[in-house]
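Q: Model the following, please.
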Amino acid sequence: MGNDIAGLQSRMLHDIYQSVEQMATLQRMTPMQLARRSVPLALLAAQPLLMPPASAQAPVPAVRGLVAAFATHRIVAVAEAHLLREAGDFYVALVRDTAFQRIAPDIVIEFASRQSQPLLDRYVLRCDAIPIDTLRTIWRNTTKAASWESPVYARWLTAIHDVNCARPAGRRLRVLAADSPVDWSSMRTPADWAALGDNNLSFADVITNEVLAKGKRAFVVFGSNHLMRTGARDDGPNTTTRVLSKYPASMYVAWVYNARPGSDEASRRMSVERWPKPALFPLAGSWLATVPAGNHRFDEIADALLYLGHPDSLHIEDADPALLDASYRRELDRRAWLEWGDSSRLRRFLHYQPAPPSGDVAEFQVDSKAYGRPRHVWVYTPPEYPVSCTASCAALVAFDGGVYIDAIPLPRILDSLIASKAIPPTVALLIDNASSAERLADLANHQRFVAFMGNELMPWFREKWRVTHDPARTIITGSSAGGLASAYLAHQRPDLFGNVLSQSGAFWRGTEGSNSAPFEWVTSQYAATPHLPIRFFLDVGAKESIGAMGETAPSILASNRRFRDVLQTKGYDVQYFEVPNGLHAPESWRLRLPVGLAALATPR
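A: Numbers count the residues shown, from 1 in each chain. Here you go, the predicted structure:
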């Protein structure tokens, strides 16, 4: 009898699944197309009557069951237990299902805050190549500190991206960030975090205004407390109750089974009956309906149970602590204090050690006769300076100091590299090169800037800090015009700078800031002079192939290749890299900067 019921239910589900696929096709057709297809009016009229099968004491395949639920509910939601690998695998399987893709519901997620929506659209809808360091901000900058570091969520987002990139632009699955907008950088006290309020308000607002009010469907994944049909565990309203108050009967809630609610006896029965994995088990009228769920029955808090396996077989997939660099760990300590009043809570949750000690950064104005005005600089000293510099510290000079303090966090990068002994204790001089014309007056092959650096700034730096006078222990670095200036300064003053780290160097430029031919002047200078005691680390984005100056000048990629070729011909020690999908932007440069610093700090 049980096999007969299960077989009947499976056939019913298959018919509904096929009907939902057909409905999705019909809903995209114009009246004229419908007429040409001779679609029976009875099928169109029956659309609202299609129902997921009532429980007959047998589970059904989970993907088909949830797809079928869209026939009667515009919102199909999974009340999840966070961080489960098996749940993540199911989400991936669902978005890869062709019937799900034909329905093309929005996907509403908890692990992104609403300020990240433009970035989500770039990645998921436009299929842009986004550097992983930028992509991580989607799940890192939410109202719940470090809740989404598990790779479960990154893999699912990647799967949606991959599915979309194989589909026409007009039929892609949109992902909606549902968490409240947040700016952690502006928070200073726990009261600031508390002022964010209940994120159920934001969740419900996205579902009602971005989905239901626009006549759309959505697949929703939130934590179970947000989705119980009876409200939150504290008896207050949650996302589901708020949505249903405006759109009654719009939501179908499937509860990920982890034995809460449930019992050992229930879990054993599922194993004995050999439930498939994953499976959907409608609760109404089932043997699980009356299982206690707090002050309610199981069938009162959810419509169905989503079975991913025996609870003891499920895997919590934790974050990889190796991906949590020192700078981020310090920020997590701060966020933990803001959210919970306990700066060590996230260390225990994510199983990472405290961040290494941080160095200090101070600002200075340095008088300059060459420029007739003071110049603005920052100086970074390593942890425990000056004790950490037993004789003298290695030296690093970086251009565009404002960028390297913020968008490319050089001080935090140095903290991590020094703590891991990838580089020796280092003092860094970061020079403010302003912007626009003033910046190019410094960085585009100008002799006045060489005079300022050699005769004024470097003597000041060496006098006031315990730093090496050995050019072989001194690195000069910059990006774009800063990369060009690094190579030019080293060529002009090899007695000061013995290591050049250039990222996307603007080697196409002419002499003294010229934007006209002859181009690639610095390359010609290295070609025309004897070999100098300088080592090079060059990287450039593989996409930086468009010619400069409206394509009247060489591209950054082409000019970097020619500079490399000249250096290798002259016998220089050169490490050269073309970064796949690399962009002319800080989000690309900051990923490679630690690699270059470690490479040049290591003798070859």
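Q: what lines up beside the helix or strand harbouring Ala254 in the sheet?
A: Assigned by DSSP states H and E, Ala254 belongs to strand 251-256. Here strand 251-256 is paired, per DSSP bridges, with strand 75-80 (parallel), strand 304-307 (parallel).
Q: Export those as CSV, with columns for mean neighbour count and distance to Ser186.
A: The C-beta positions use only the backbone N, C-alpha and C, and glycine is treated the same way. Formatted as CSV, those follow (neighbours: other CB atoms under 10 Å; distance: least, CB to CB, whole Å):
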stretch, mean neighbour count, distance to Ser186
strand 75-80, 26, 30
strand 304-307, 26, 38
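Q: How confident was the prediction at Asn294?
A: Wrong residue type there; residue 294 is Gly, not Asn. pLDDT, Gly294: 90.
Q: Phi first, then psi, for the closest residue in space to it that isn't next to it in sequence.
A: Once flanking residues are discounted, Gly294 sits nearest to Arg233: 6.6 Å by CB to CB, 6 or more residues apart in numbering. With angles defined as degrees, to the nearest 10, Arg233 sits at phi -60, psi -30.
Q: correct me, but Arg233 touches Ser224?
A: No. In this structure, Arg233 is not within contact of Ser224 by CB atoms under 8 Å, at 9.0 Å.
Q: who has more neighbours, these two?
A: Higher neighbour count among Arg233 and Ser224: Ser224, with 22 against 13, using other CB atoms under 10 Å.
Q: Relative to Val95, how far out is that one?
A: Distance from Ser224 to Val95, counting by CB to CB, to the nearest Å: 21 Å.
Q: can I see the domain layout of the chain?
A: Domain assignment for the chain by automatic domain parsing gives 2-313, 322-350, 360-601.
Q: Report pLDDT for Asp565.
A: 97.
Q: burial measure for it, as a count.
A: When neighbours are defined as other CB under 10 Å, Asp565 has 14 of them.
Q: and it, what does it touch?
A: Contact analysis of Asp565 by CB atoms under 8 Å, 6 or more residues apart in numbering lists nothing.
Q: ok so it is a helix residue?
A: Yes. Under DSSP: H, G, I helix; E, B strand; the rest coil, Asp565 sits within a helix.
Q: quick one: the closest residue in space to Glu210 that isn't next to it in sequence from Leu196, how far?
A: Spatial nearest neighbour of Glu210, chain neighbours left out: Leu176 (5.7 Å); criterion: CB to CB, 6+ apart. Here the criterion is CB to CB. By it, Leu176 lies 19 Å from Leu196.
Q: who's more crowded, these two?
A: Between Leu176 and Leu196, counted using other CB under 10 Å, Leu176 has the larger neighbour count: 21 against 18.
Q: can you give me the helices for the stretch 1-150 of the chain?
A: 2-26, 31-37, 41-45, 62-69, 85-96, 98-103, 117-120, 132-135, 137-140 (DSSP state H, counting those that start in this stretch).
Q: Repeat that for the stretch 451-600 of the chain.
A: 458-464, 481-492, 521-528, 548-551, 556-569, 586-601.
Q: Quick check: pLDDT value at the residue nearest to Glu210.
A: For Leu176, pLDDT reads 98.
Q: now do Asp400
A: 89.
Q: next one: Ala434
A: Ala434 is given a pLDDT of 68.
Q: cool, Ile476 as well?
A: For Ile476, pLDDT reads 97.
Q: Just give the number of residues close to it.
A: Using other CB under 10 Å: Ile476 sits among 30 other residues.
Q: what residues are up against the residue nearest to Glu210?
A: Contacts of Leu176 (CB under 8 Å, 6+ apart): 106-109, 117, 120, 206, 210-211, 218.
Q: again, only using 10 Å
A: Counting by CB atoms under 10 Å, 6 or more residues apart in numbering, Leu176 touches 106-109, 112, 114, 117, 120-121, 124, 206-207, 210-211, 216, 218, 220.
Q: In ChimeraX, select just the buried ones from those residues.
A: The buried subset of the contacts of Leu176, as determined by 16 or more other CB atoms under 10 Å, is captured in ChimeraX by this line:
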select :106,107,108,109,112,114,117,120,124,206,207,210,211,216,218,220
